[in-house]
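Novice: Compute the structure for the input listed below.
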Amino acid sequence: MNPELPNGSVSALVDGQQWTSTFSITADHANSIFAFGASGDGITIGMAMPTATGPGTHTIGTGSPANALITEGSTTWAANNATGNGTLILTSLTATNAKGTFTFTAQASGASPATRQVTQGTFDIDF
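Specialist: Here you go, the predicted structure:
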């Protein structure tokens, strides 16, 4: 875990560049909904899985309730049931901790760039 953030760590490659949450991490798991948000270096990454009851693979895209976003400045790129795609793999989910990996492609109409790639994502978060 990140020693600066006592409740866990989140990291990924954002458009091929290493990113690590260094500012804040918030997370919750209640009523089968798992969600987290993590910030650092002017970028926030967030994900939500409304059907998370234990370890498993959650697909982001058409027909899926799962979603992901990346925000930088005032622009937010999204991956959800209408745009973008991705995968979140929960390797462990308990009442107090979640661990796993993620990857997603997020889009924002009219933004430059129009698409953001988030790959090799990992998280280990305490609630």
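Novice: residues contacting residue 124?
Specialist: 1, 8-9, 97-99 (C-beta atoms under 8 Å, 6 or more residues apart in numbering). For the C-beta atoms, the positions are set from N, CA and C on the backbone; glycine is no exception.
Novice: Among the residues you listed, name the buried ones.
Specialist: The neighbour count (16 or more other C-beta atoms under 10 Å) marks 8-9, 98-99 as buried among those.
Novice: Can you name every helix or strand that the least confident helix or strand in the chain by mean pLDDT contacts?
Specialist: Least confident helix or strand of the chain, by mean pLDDT, DSSP states H and E, is strand 24-30 with a mean of 85. Secondary-structure packing of strand 24-30 (3 or more C-beta pairs under 8 Å, 6 or more residues apart in numbering; DSSP states H and E): strand 8-14, strand 33-40, strand 115-126.
Novice: Name the residues that touch it?
Specialist: 5, 7-10, 34-39, 52, 93, 95, 98, 125-127.
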